[in-house]
Structure formats: structure tokens, C-alpha cells
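Undergrad: Below are the sequence and a predicted model; questions follow.
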Amino acid sequence: MKNRLPIAFSLLTALVAFRAQPDAVAVSVATNTATPTFAADIAPLIYKNCSVCHRPGQSAPFSLLSYDDVKKRGEFIVKVTARRYMPPWHALNTAGFEEFRDTRKLSDQELSMLKTWVDAGMPAGDMAKAPAPPTFTSGWSLGAPDLVLTLPNTINIPAEGPDLYRNVVLPIDQADARWITAIDFAPTARREVHHALFFTGAANMSSQVGDNDLLPGLNLGGGGRGGRRGGGSAAAATALDAAWGGVGGWVPGITPKFFPEGIAQPFPAHSNLVVQLHLHPSGKPQQERGQLAIYFAKTPPARSLTAVQVPPMFGYAAGIDIPAGESNYKVHDSYVLPVDVDAFGVRGHAHYLAREMKMVATLPDGTTRGLLWINDWDFGWQDSYYYKTPFHLPKGTRIETDIVYDNTPANPRQPNSPVKRVKWGRESFDEMGSMTLMASTMTPTDGDTLRTSMNQHFRQQLLVMMMGRGRGSRPPQ
Ligand code: HEC
């Protein structure tokens, strides 16, 4: 335990959302002279790819905003960029898999330029010609929000003990219907927030939301003071409805983004926002009372997104039960689209034991499209990935998710020493696993058909699990 926990906790420190974009970053073309210099070659590269996080007040532990900043860590920078730990980006860019927009990646040529520069003693070059360090608009990275909300109460997080789940209702209750294009979250207890999920709910629903509900409207047990509210698939169905009503989330490592052009999530008149916080004690008492920034569309959008999660409910009914010492534990689920959709983006979720996750679509004509492949899953760097070009998936397309877990001491993110059996659960050191395609149906009726069909898919899984034919997972007690 002793030597493993710091690894887990330093990962928790990696919780990141960067809050500002460069106003303008001067990018000069790398000159092809013999020795690269900071002024001509390195400054543009660092300012464009690194400074957004590596500056004061952001997630990264030091700034990269000057020649001295970079020179001090030259060797280190070559090392972490060469093994592609920085800039952080976990979606594999490989044949058969879709390309994403806003990809953070250095080219092989840029990597070798960095190395050549460091090997040559990190010459400054003509600093009079060096680009100025980027300037950033302070505050929220997506610009001035339409609405900023602060959590109504401070949540006290003890130093130790089980994880906390809190469903916090933020009263909004506007008279008009709106459409949400983005929500950003600035937690005060950055290390402790394991996730925040955002849901819309009728303004009068506040009293129905329990602290220990897995999703607003659902309690899968959990033994907390929320008690049990309805069991089995009825509650699960409610939860699914709530989950599809979700308007996004915040996880460690996410970069806030607007939904793609023309897309927004409905926020009906007289709605409130429910924020579900999952908090993980980190060894020091902390307080969470973060702020949310909400962005509304100026005009009604053409379409909204539906989350196609495979397996559904973060793998709740997928029977996740990983023996101690198992290095190659697999979870597989497959779901056939009942209607046509356009695919806009994708994300994954799992905890520390997952190593690899892959989502692939097989179209009715047999062609395949890789939706997302992460072969070095890192809980500290969860992001949503939007496709460079959205694309169509016809009715009858099979969507398959495969997740691989490594529950051996060789897993660099293994939280348990000695290793132990790990099952599906809500605690950070339990496991989960699912991948989510962000899709849009052609018509609202198709949207209803899709949600009903996903409900059925989940109920079937749940039934199998409850009849004990699953792999032994049970609802958490
Ligand atoms: C999205 C935000 C982000 C971007 C972009 C980014 N970094 Fe980082 N970087 C971090 C965070 C957060 C940490 C500290 C946590 C960690 O080590 O994972 C970090 C850590 C580092 C470290 C220390 C690693 C260690 O093992 O302690 C180096 C060196 C580094 N970054 C260099 C770079 C360089 C060079 C770039 C650009 C090519 C870059 N980073 C881009 C967020 C970022």
C-alpha cells in the first residue's frame, strides 16, 4: 500500500482543466538551419503546445513562458515529450481510427528538433526576434459565460474514509427554454473531485434528489444516509433517462469545449441544474465549493446529442469482477443502433486498473470505423474527443466496446498493494468501464427510439446479472 498510494495520489494531482486559451500565438516556421535556436524554433513550439497549461494558476507544476523556464528543464522536456507523456493526449492516431479535432501532438520532426537543440547546449539565438510569450484571457477558457453559478453550500471532505457522492441542485428556473452549448467547472478541491456530472431537471425536482443516488433519480444502494429508493430495473430505467438528459461533465484532464457547430443540449423552461459530485478524500481535509460556467446558444440549435454508452451505466451490469493478479481481464459489450445517427465525438471512463479501451463500429455493409482507441488509459487524463469530421452511422451499425484491465503489480497505476480482487463499484479504487459515443439522431422520434432501445439493452444486461449468469458482480451493498 505504502509505495503504491503516492502514485495514485500524484495522479489525482494531475486533475486538470485549463482555463484560458492563448489570444494569439505567433507561429513561425521552423528554419532548417543546422542548429535550432530558442528564438527561431523552440519558443514557437513551446508557446503553441505547452504554455496553455504551463503558466501560473494552471494545472501544470511550472511555467514554460520564457527561455529560462525552458532551459532549466531542457533535458526533462526532451524525455517527457519523447515518450509522448507531454503534451497529454491519449487517443491513438492510427489506421482505421477516426481523426480528432484539436489534437495535441508533436511531430517526429518537432521531437528531434527539441533533442538537437538540447544536445547543442540550448542556444538562445537572436532573442530580439523571438516571439513574445502568449498572453491569455484570464478566467474561463471558453470566454465570458452567460451564467456563473457557485455551489450553494460548502461540502466538507474529510481527510480519509469512503468516497463521497453529492447531488447538488443549482436553482436556475428560467421562464424561457434555452440550449446549452458548454458547461465548465472550476472546483475548489481540484485533487479531490473524481468527477462532476451535469444534469437538467425540472425546477421542482430538488426534493427528489438524494445525496447517494448514482445518478439523480436512482439509488443503487450504497448504504449511505440516502437509503434505498426503489430497486432493480425500474430505478435503473429512471437513471437511464436521467443519464441521457445529461449535459456533460468534468473529469480530471478534461479540456472544456463547446459542442460542435449547430449542436446544443436542451435546457427546458423552469429547469434546474443538478451537479453530481464524486469526491475522493486525499489525506487532507478539504472543502469543495466550486463554480460552474454555463454557455447558452444564441439561436435554437438544429440538433442535440445523445450519449450512446456501451456498456451502459458505466458497466454497472457488465459483471466487472477482476481477480487479484489478473493481467488481461476483458469487458466486452456490443450494441446495435436501431436508427441512423451522426457521430460527433467519443469519450471513455474507467478507474485505475483499466489499461486499454477500444470502440469500433461495424456498419451493415461490413465496413468498420474505429471510434476511439486508448492503449495507455490514464485516469488523470480523461478527455472528450470530437471528430475532425462528423460522420454517419446507419441503422443496424454494431458498436462494440472492449476494455482491458491489468490487476497486477506491474500496472503502473495499480492502487492496491498487495493486489486484491476488484469489482464494479463507485469508490475510486473499485472499477467501472464504458465508452460513450456522442451522437445525434436525424429526428426527435428517432431519438426516442434510440433511448428506448438503450434502456432495453441495459435491462437485458441487468437481468442477466441478477439471475447470476453474469460474472458475479452484484449491486453494491
Ligand atoms: C493540457 C495541459 C498540459 C499541456 C498542453 C502540457 N502539459 Fe506538461 N504537464 C501538465 C500537468 C498537469 C503536469 C503535472 C502532472 C503530471 O506530471 O502529469 C505536467 C507535467 C509536465 C512535466 C513534468 C513531468 C513529470 O514527470 O514530472 C514536464 C517536463 C512537462 N509537463 C512538459 C510539457 C511540455 C514540454 C509540453 C508541451 C510540448 C507540455 N508539458 C504540455 C499539463 C500540460
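TA: It's in. Numbers count the residues shown, from 1 in each chain.

Undergrad: From now on I want contacts and neighbour counts done on CA atoms only, so please keep to that.
TA: Noted.

Undergrad: and Val70, what helix or strand is that in?
TA: helix 67-72 (DSSP states H and E).

Undergrad: ah, wrong one, I meant Ile77
TA: Assigned by DSSP H and E, Ile77 belongs to helix 74-82.

Undergrad: now swap in Ile294 and tell me
TA: strand 291-296.

Undergrad: Can you spell out which helices and strands pack onto the helix or strand following that strand?
TA: Counting by DSSP H and E, the next helix or strand C-terminal to strand 291-296 is strand 306-310. Contacts defined by 3 or more CA pairs under 8 Å, 6 or more residues apart in numbering; DSSP states H and E place strand 306-310 against strand 329-336, strand 398-405, strand 433-441.

Undergrad: quick one: strand 306-310 to strand 329-336, angle?
TA: 140 degrees (axes from the mean of the first three to the mean of the last three CA atoms, to 10 degrees).

Undergrad: Remind me what the helix or strand following strand 306-310 packs against, helices and strands.
TA: Counting by DSSP H and E, the next helix or strand C-terminal to strand 306-310 is strand 321-322. The contact analysis (3+ CA pairs under 8 Å, 6+ apart) places strand 321-322 against strand 422-423.

Undergrad: Give me the mean pLDDT for the strand it packs on.
TA: Average pLDDT, strand 422-423: 96.

Undergrad: From the chain's centroid, how far away is stretch 89-106?
TA: Computed by CA atoms, centre = their mean, to the nearest Å, the chain-centroid distance of stretch 89-106 equals 15 Å.

Undergrad: scratch that, stretch 123-131 is what I was asking about
TA: Distance, centroid of stretch 123-131 to centroid of chain: 38 Å (CA atoms, centre = their mean).

Undergrad: Can you give me the end-to-end span of it?
TA: End-to-end distance for stretch 123-131, by CA to CA, to the nearest Å: 15 Å.

Undergrad: Could you check that stretch and say which residues are buried?
TA: For stretch 123-131, the neighbour count (16 or more other CA atoms under 10 Å) marks 123-124, 130-131 as buried.

Undergrad: Surely Pro260 touches Phe344?
TA: Yes - if you go by CA atoms under 8 Å, Pro260 and Phe344 touch, sitting 7.3 Å apart.

Undergrad: which one of those two has more residues nearby?
TA: Taking neighbours as other CA atoms under 10 Å, Pro260 and Phe344 compare with Phe344 leading, 22 against 17.

Undergrad: Who are the contact partners of that one?
TA: 260, 386-387, 389-391, 437-440 (CA atoms under 8 Å, 6 or more residues apart in numbering).

Undergrad: Check Leu292 too.
TA: The neighbourhood of Leu292, defined by CA under 8 Å, 6+ apart, consists of 148-151, 183-186.

Undergrad: mind checking how far the strand holding Ile294 is from the chain centre?
TA: Relative to its parent chain, strand 291-296 has a centroid offset of 17 Å by CA atoms, centre = their mean.

Undergrad: Listing partners with orientation, what would you give for it?
TA: Strands that pair with strand 291-296, judged by DSSP bridges, come out as strand 147-150 (antiparallel), strand 178-186 (antiparallel).

Undergrad: In PDB, list the C-alpha atoms belonging to the first one.
TA: Once side chains and other backbone atoms are set aside, the C-alpha atoms of strand 147-150 remain, and they are given as PDB (Å, rounded to 0.1, in the frame of the first residue of the first chain):
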ATOM      1  CA  LEU A 147     -24.300  32.300 -16.300                       C
ATOM      2  CA  VAL A 148     -21.900  31.600 -13.500                       C
ATOM      3  CA  LEU A 149     -23.200  29.600 -10.500                       C
ATOM      4  CA  THR A 150     -21.500  28.800  -7.300                       C
END
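
Undergrad: Tell me the helix or strand right after it.
TA: strand 155-157.

Undergrad: go on, the last one?
TA: In the C-terminal direction, the helix or strand that comes right after strand 178-186 (DSSP H and E) is strand 193-202.

Undergrad: Neighbouring strands - and their directions - for that following strand?
TA: strand 246-250 (antiparallel), strand 271-279 (antiparallel).

Undergrad: what's the least confident stretch among the ones you listed?
TA: For the strands paired with strand 193-202, the weakest mean pLDDT is recorded on strand 246-250, namely a mean of 78.

Undergrad: Quick one: low-confidence residue ranges for the stretch 351-477 of the chain.
TA: 469-477 (pLDDT under 70).

Undergrad: quick one, strands of it?
TA: For the stretch 351-477 of the chain, the strands defined by DSSP state E, counting those that start in this stretch occupy 354-362, 368-374, 384-393, 398-405, 422-423, 433-441.

Undergrad: can I get these in a markdown table with mean neighbour count and distance to Val193?
TA: Below are these laid out as a markdown table (neighbours: other CA atoms under 10 Å; distance: least, CA to CA, whole Å):
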| stretch | mean neighbour count | distance to Val193 |
| --- | --- | --- |
| strand 354-362 | 23 | 19 |
| strand 368-374 | 22 | 23 |
| strand 384-393 | 18 | 17 |
| strand 398-405 | 22 | 23 |
| strand 422-423 | 19 | 21 |
| strand 433-441 | 24 | 18 |
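
Undergrad: For these, give me TSV that also has distance to Ser63.
TA: Conversion of these to TSV gives the following (distance: least, CA to CA, whole Å):
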stretch	distance to Ser63
strand 354-362	30
strand 368-374	28
strand 384-393	25
strand 398-405	35
strand 422-423	38
strand 433-441	34
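
Undergrad: possible to save those as JSON lines with distance to the ligand?
TA: Output for the strands of the stretch 351-477 of the chain, formatted as JSON lines (distance: least, CA to the nearest ligand atom, whole Å):
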{"stretch": "strand 354-362", "distance to the ligand": "17"}
{"stretch": "strand 368-374", "distance to the ligand": "17"}
{"stretch": "strand 384-393", "distance to the ligand": "13"}
{"stretch": "strand 398-405", "distance to the ligand": "21"}
{"stretch": "strand 422-423", "distance to the ligand": "25"}
{"stretch": "strand 433-441", "distance to the ligand": "21"}
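
Undergrad: ok, now how distant is Ser428 from the ligand?
TA: Using CA to the nearest ligand atom, to the nearest Å, Ser428 is found at 18 Å from the ligand.

Undergrad: wait, Tyr295
TA: Tyr295 is 22 Å from the ligand, by CA to the nearest ligand atom.

Undergrad: hey, what's that residue bridged with?
TA: Note on Tyr295: beta-bridge partners by DSSP bridges are Ala182.

Undergrad: Identify the residues contacting it.
TA: Contacts of Tyr295 by CA under 8 Å, 6+ apart are 145-147, 180-183.

Undergrad: at 10 Å what do you get?
TA: For Tyr295, the contact set (CA atoms under 10 Å, 6 or more residues apart in numbering) comprises 142-148, 178-184, 258, 264.

Undergrad: Kindly state the pLDDT recorded for it?
TA: 95.

Undergrad: quick check: mean pLDDT across stretch 163-178?
TA: For stretch 163-178, mean pLDDT is 88.

Undergrad: With just CA atoms, put that stretch into PDB.
TA: Provided in PDB are the C-alpha atoms of stretch 163-178 (Å, rounded to 0.1, in the frame of the first residue of the first chain):
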ATOM      1  CA  ASP A 163     -15.700   8.500  -1.300                       C
ATOM      2  CA  LEU A 164     -18.500  11.000  -1.100                       C
ATOM      3  CA  TYR A 165     -21.300  11.300  -3.600                       C
ATOM      4  CA  ARG A 166     -23.300  14.500  -3.600                       C
ATOM      5  CA  ASN A 167     -26.100  15.600  -5.900                       C
ATOM      6  CA  VAL A 168     -26.300  19.400  -5.600                       C
ATOM      7  CA  VAL A 169     -29.200  21.300  -7.100                       C
ATOM      8  CA  LEU A 170     -28.400  24.700  -8.600                       C
ATOM      9  CA  PRO A 171     -31.600  26.700  -8.800                       C
ATOM     10  CA  ILE A 172     -32.000  28.400 -12.200                       C
ATOM     11  CA  ASP A 173     -35.700  28.100 -13.000                       C
ATOM     12  CA  GLN A 174     -35.700  30.500 -16.000                       C
ATOM     13  CA  ALA A 175     -39.000  31.300 -17.700                       C
ATOM     14  CA  ASP A 176     -37.700  30.600 -21.200                       C
ATOM     15  CA  ALA A 177     -36.300  27.400 -22.800                       C
ATOM     16  CA  ARG A 178     -32.600  27.700 -23.500                       C
END
